[in-house]
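Undergrad: Build the 3D model from these lines:
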Amino acid sequence: MDIRKSTEADRVAIEKIHTKAFGEEKGPEIAALVNGLFDDTTATPLLSLVAVEKDQLVGHILYTKAVLKGADTPVSIRLLAPLAVLPEAQAQGVGRKLIEEGLDHLREAGVDLVFVLGHPDYYPRCGFIPAGVLGFEAPYPIPDVHAAAWMVHALREGVIGRVKGKIQCADVLDQPQHWRE
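TA: Numbering: from 1, shown residues only. Alright, predicted model coming up:
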């Protein structure tokens with residue numbers, strides 16, 4: 001399997017990955033979110049990676065720009081949203097490879113922190129830890145029962161504990177329905 005940056009020509013396949021991965025009920029909404037983020041200038045710079053197996057796209061991950069409001073010092077942050085893998089390619093390490101490759105790209109680009117609202121049993125395997133208890137507030141309130149789903153991954157040492165604040169995400173993501181786990 002290869003991981004590479006996506007191209008404009010991949011957009012239809014990326015839309016299908018999200019639609020299939022998230023199912024009939026939620027898939028079209030997530031696919032529309034991804035398309036919206038591709039066109040949202042407040043999401044740039046963004047990093048879009050695809051997993052390719054036997055000339056077929058089987059997974060996609062998107063990292064978009066975000067801002068930490070209230071921080072005393074400037075911090076470069078990204079938001080991981082969303083990650084999708086075709087059902088037939090799930091449980092084979094595709095998602096983890098996409099996450100790790102993305103984090104490597106972002107580290108090299110000088111990004112300090114990456115945030116995600118996701119499954120609290122999955123993302124910690126890739127180094128994510130609960131963010132709320134560290135002083136990082138999500139764009140919309142996360143209920144206490146789902147607090148562990150709001151997570152952060154430090155790409156630079158010494159950032160966590162030095163800064164805190166509220167995350168301001170790209171305009172397309174700045175809707176309450178996208179902040180429910």
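
Undergrad: Return the set of residues that bridge with residue 61.
TA: residue 49, residue 83 (DSSP bridges).

Undergrad: for the residue nearest the centre of the chain, what are its contacts?
TA: Note on the chain: the residue nearest the mean C-alpha position is residue 80, at 1.1 Å, using C-alpha atoms, centre = their mean. By C-beta atoms under 8 Å, 6 or more residues apart in numbering, the contact list for residue 80 reads 61-63, 99, 102, 114-116, 118. (Glycine included, C-beta is placed from N, CA and C.)

Undergrad: quick one: pLDDT of it?
TA: Listed pLDDT for residue 80 reads 98.

Undergrad: Without its sequence neighbours, what residue ends up closest to it?
TA: residue 116 (4.2 Å; C-beta to C-beta, 6 or more residues apart in numbering).

Undergrad: Just give the number of residues close to that neighbour.
TA: Neighbour count for residue 116, taken as other C-beta atoms under 10 Å: 23.

Undergrad: what pairs with the helix or strand where it lies, and is each one parallel or antiparallel?
TA: Assigning secondary structure by DSSP states H and E places residue 116 in strand 113-117. Applying DSSP bridges, strand 113-117 is found paired with strand 77-85 (parallel), strand 150-154 (antiparallel).

Undergrad: for the record, mean pLDDT for it?
TA: 97.

Undergrad: Quick check: next helix or strand after that strand?
TA: Defined by DSSP H and E, the subsequent element after strand 113-117 is strand 129-130.

Undergrad: got the contact list for the residue nearest to residue 80?
TA: 79-81, 123, 128, 151-153.

Undergrad: quick one: which of those residues is nearest to residue 176?
TA: residue 81 (14.3 Å; C-beta to C-beta).
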